[in-house]
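> generate a structure from the sequence data that follows.
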Amino acid sequence: MQPIVLNLTHRTFIEIIFENRENAIQSYHLSGYSFFAVAIEAGTWTPEKRKNYNLLDTVSRHTIQVFPNLRAVILLTFDNCGMWNIRSEIWDRHYLRQQLYVSVLSPEHSLRDEYNIPDNSLLCGIVESMPKPPPYSI
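Numbers count the residues shown, from 1 in each chain. Prediction:
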């Protein structure tokens, strides 16, 4: 099984909708990043539901709970380059592919957006034999 990877451009704004059709609470976590939880509602999501989003006083979070037969909506901007992981907090679900990775790259290739990989970085797996990317400049 290959991991699921979303490729996004630096500073991309996205909306993620988590639906829970089960009888237990589900929790989802975004490692190293924060997002805004703007809605927790019942029913089928449609673009019309965006009118109900709380855009005034929402709280920044890293984890969101999705209650049975409800859905939760988060909004975020990927303004930090790198590889990020969105996953279920129920460990058994990791093996059911309830996780994905987000690769955020900057088209600018600038040190303003992303640091160079350190010279002493250890590489493993399929990237071990690959050359390191060229260094970024200012």
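> which element follows the helix or strand of the chain with the lowest mean pLDDT toward the C-terminus?
When the helices and strands of the chain are compared on mean pLDDT, DSSP states H and E, helix 91-94 comes out lowest with a mean of 74. Later in the chain than helix 91-94, the nearest helix or strand by DSSP states H and E is strand 99-105.
> can you mark which positions in that next one are buried?
Judged by neighbour count (16 or more other CB atoms under 10 Å), strand 99-105 contains these buried residues: 99, 102, 104, 105. For the C-beta atoms, the positions are set from N, CA and C on the backbone; glycine is no exception.
> list the contacts for the third one?
With CB atoms under 8 Å, 6 or more residues apart in numbering as the criterion, the residues that contact residue 104 are 8, 9, 10, 12, 78, 80, 81, 82, 83, 84.
> of the residues you listed, buried ones?
For the contacts of residue 104, buried by 16+ other CB under 10 Å: 8, 10, 78, 81, 84.
> need the max-distance pair from those.
By the measure CB to CB, 10 and 84 form the most distant pair in the buried ones among the contacts of residue 104, at 12.2 Å.
> what residues are shared contacts of those two?
Jointly contacting residue 10 and residue 84 under the rule CB under 8 Å, 6+ apart are 78, 104.
> follow-up on the earlier one: out of the buried ones among the contacts of residue 104, who's nearest residue 119?
Closest approach to residue 119 among those (CB to CB): residue 81, at 18.8 Å.
> apart from its chain neighbours, what residue comes closest to that closest one?
Leaving out its chain neighbours, the residue that sits closest to residue 81 by CB to CB, 6 or more residues apart in numbering is residue 114, at 3.8 Å.
> check contacts around that neighbour.
Residues near residue 114 by CB under 8 Å, 6+ apart: 10, 81, 82, 105, 106, 136.
> the spatially most central residue of the chain bridge partners, please.
By CA atoms, centre = their mean, the chain has its centre lying nearest to residue 86, at 4.7 Å. As for beta bridges, residue 86 partners with residue 30, residue 100 under DSSP bridges.
> from now on call the first residue 231
Noted, 231 is the first residue going forward, which turns the last one into residue 316.
> quick check: residue 235 vs residue 337, distance?
Distance of residue 235 to residue 337, given as CB to CB, to the nearest Å: 18 Å.
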